[in-house]
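# any chance you could fold what I've pasted below:
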Amino acid sequence: PTAHHPSHAPRGLHPVVLAATFMTSLDVFVVNVALPSLQADLRAGPAAVQWVVAGFALALAVGLITAARLGDRYGRRRVFELGLALFTLASAGCGLAPTAATLVGARVAQGLAAALMGPQVLTILRTAYTGAAQARAFAMYGLTMGVGAVFGQLIGGVLIRADLFGLDWRSCFLINLPVGLAALALVRRCLPESRAPRPPGLDPVGVVLSTTGLTGLVLPLIQGRAQGWPLWTVLLLIASTALLAGFVLHQHRTRTTGSPLVDTRLFRSRTFAAGLAAQLAFWLGQASFFLVLALHLQLGRGLDALAAGLVFTAIGLGYLITSTTADRISARLGRHALTLGALLMAAGLGLLALAAEPGPTTSVWWLTPGLFVDGLGMGLVIAPLTSTVLADISPHLAGSASGVLATVQQVAGALGIALLGLLYYAAPTPSTAFTHSLAALTTLELLLAALLQLLPRTP
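Presented below is the predicted three-dimensional model:
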């Protein structure tokens with residue numbers, strides 16, 4: 001089967017796929033808190049520490065499009081289950097790693113496993129539900145994704161402060177084991193199997209072009225700023241442009257003669273094309289905002305990881321309020337709900353800028369009103385924009401569309417961190433760096449509001 005009536009979707013479907021979504025989102029952010037203690041414990045050098053973060057991000061970004069094809073061909077539940085098992089095993093490898101090199105290898109394995117799961121989650125939600133049930137499913141997906149991102153730093157800070165069983169930073173990874181094992185026990189019972197109506201081929205040329213092209217794009221973005229943009233990063237970016245252009249040309253030619261990884265007919269849909277552009281703008285700002293906020297709180301305001309995580313809860317509170325009702329607001333207002341979210345984020349960043357300059361009488365808690373408003377806006381955008389992008393996609397193209405969507409999210413995050421990092425570190429002081437970054441991010445949210453006007457008017 002390729003689709004299921006909402007009343008026939010198994011009751012446990014949501015908890016299983018959302019457990020995987022939460023672990024992936026959490027592991028992107030929780031590691032930042034663990035870096036100082038794991039560096040000391042493993043005697044890791046700066047390059048190894050950077051690769052603990054970069055290895056996961058790179059493997060995740062480059063594997064998504066191929067993983068979507070594997071799900072279309074071999075069954076989305078089967079590939080999701082494989083990814084979940086590998087992610088749980090790799091988390092154990094991270095938590096038990098005796099050396100920095102072992103930890104980096106386990107983080108790469110984690111990223112590849114997360115890539116196997118990501119597109120399957122989106123496609124399963126797209127094909128297992130219809131109508132209002134589908135909107136609610138994506139609302140819960142967005143809520144879970146946001147909670148993992150917003151509260152990741154707080155969760156990591158609490159785990160390290162608690163030092164359960166003397167595990168210190170290792171608990172940030174080992175916490176995935178009970179969650180992953182519980183989800184694995186329920187996969188066969190709770191997830192319907194689905195695949196493309198006509199199982200497509202693997203398109204090996206497309207796999208090679210997309211993987212090498214995305215590696216050449218994402219790797220310099222992750223490593224370039226910290227290394228001062230050496231020549232190899234520039235050459236890789238140039239080569240990646242040629243490889244990705246070759247990938248697009250190959251996909252267009254293969255559409256009539258074979259099974260392309262990405263069916264270019266997807267981009268005939270105004271909703272899909274405009275929605276992807278909006279996704280690019282949104283995720284350019286999102287990951288980079290979390291980075292500069294964490295830097296400002298810890299370098300500019302002198303907070304430790306746990307205290308900084310507590311400040312992040314202001315975003316989380318706003319996000320929880322709107323993300324739980326976003327499907328109903330979006331059903332009533334259509335694209336205007338997304339525009340409202342973008343404008344709220346811009347307003348929140350503006351309030352943050354007013355409170356950003358530290359002084360003898362200014363408390364860090366003056367930042368919370370702006371963070372709260374920004375969280376309100378985030379909650380109105382993440383899930384509705386994801387469901388909107390996939391809304392008009394026919395079931396046989398759902399896997400391909402999910403892979404492209406997830407890839408755009410990851411690449412945009414890496415690009416945003418690279419670009420905003422240049423702006424942040426070029427400023428003379430941490431407070432100036434933060435205000436300059438907020439100005440750039442506010443402009444980006446206003447651009448997002450403009451791009452959302454390209455979406456169809458109807459809900």
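# run the chain-centre distance for the stretch of helix or strand Thr443 belongs to.
Under the criterion of DSSP states H and E, Thr443 resides in helix 430-451. Centroid displacement of helix 430-451 relative to its chain, using C-alpha atoms, centre = their mean, to the nearest Å, is 20 Å.
# what comes up buried for it?
Neighbour-count burial for helix 430-451 flags 430-431, 433-438, 440-442, 444-449, 451 (criterion: 16 or more other C-beta atoms under 10 Å). Using the backbone N, CA and C atoms, a C-beta is placed for each residue, glycine as well.
# helices and strands around that helix, which ones?
Judged by 3 or more C-beta pairs under 8 Å, 6 or more residues apart in numbering; DSSP states H and E, helix 430-451 is in contact with helix 270-295, helix 335-355, helix 398-426.
# report all helices and strands that the first one contacts.
Packed against helix 270-295, as judged by 3+ C-beta pairs under 8 Å, 6+ apart, are the following elements: helix 335-355, helix 368-391, helix 398-426, helix 430-451.
# which of these sits closest to Ala274?
The closest of those to Ala274 is helix 430-451. By C-beta to C-beta, the value is 6.8 Å.
# which secondary structure elements does the host helix or strand of Ser171 contact?
Per DSSP H and E: Ser171 is located in helix 171-174. Helix 171-174 is packed against helix 13-42, helix 76-95, helix 152-162, with contacts defined by 3+ C-beta pairs under 8 Å, 6+ apart.
# circling back: comparing the helices and strands packed on helix 270-295, which comes out most buried?
helix 368-391 (a mean of 25; mean count of other C-beta atoms under 10 Å).
# so which of the helices and strands packed on helix 430-451 gets nearest Thr212?
Once those are compared by C-beta to C-beta, helix 398-426 is nearest, at 14.1 Å.
# let me see the mean pLDDT of the closest one.
Averaged across helix 398-426, pLDDT comes to 88.
# try stretch 233-252
So the average pLDDT for stretch 233-252 ends up being 93.
# restricting to C-alpha, output it in PDB.
Written as PDB, here are the backbone C-alpha positions of stretch 233-252 (Å, rounded to 0.1, in the frame of the first residue of the first chain):
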ATOM      1  CA  THR A 233      37.700  25.000   0.900                       C
ATOM      2  CA  VAL A 234      37.400  27.400  -2.100                       C
ATOM      3  CA  LEU A 235      38.300  24.800  -4.600                       C
ATOM      4  CA  LEU A 236      35.800  22.300  -3.100                       C
ATOM      5  CA  LEU A 237      33.000  24.900  -3.200                       C
ATOM      6  CA  ILE A 238      33.800  25.500  -6.900                       C
ATOM      7  CA  ALA A 239      33.900  21.800  -7.700                       C
ATOM      8  CA  SER A 240      30.600  21.200  -5.800                       C
ATOM      9  CA  THR A 241      28.900  23.800  -8.000                       C
ATOM     10  CA  ALA A 242      29.900  21.800 -11.100                       C
ATOM     11  CA  LEU A 243      29.000  18.500  -9.500                       C
ATOM     12  CA  LEU A 244      25.500  19.700  -8.400                       C
ATOM     13  CA  ALA A 245      24.900  21.200 -11.800                       C
ATOM     14  CA  GLY A 246      25.800  17.900 -13.400                       C
ATOM     15  CA  PHE A 247      23.400  16.200 -10.900                       C
ATOM     16  CA  VAL A 248      20.500  18.400 -11.900                       C
ATOM     17  CA  LEU A 249      21.200  17.800 -15.600                       C
ATOM     18  CA  HIS A 250      21.500  14.100 -15.100                       C
ATOM     19  CA  GLN A 251      18.200  14.000 -13.200                       C
ATOM     20  CA  HIS A 252      16.400  15.900 -16.000                       C
END
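# could you find the closest non-adjacent residue to Leu284?
Using C-beta to C-beta, 6 or more residues apart in numbering and skipping the chain neighbours, the partner closest in space to Leu284 is Gly416 (3.8 Å).
# repeat for Leu276
Distance criterion C-beta to C-beta, 6+ apart; nearest residue to Leu276, sequence neighbours excluded, is Val408 at 5.6 Å.
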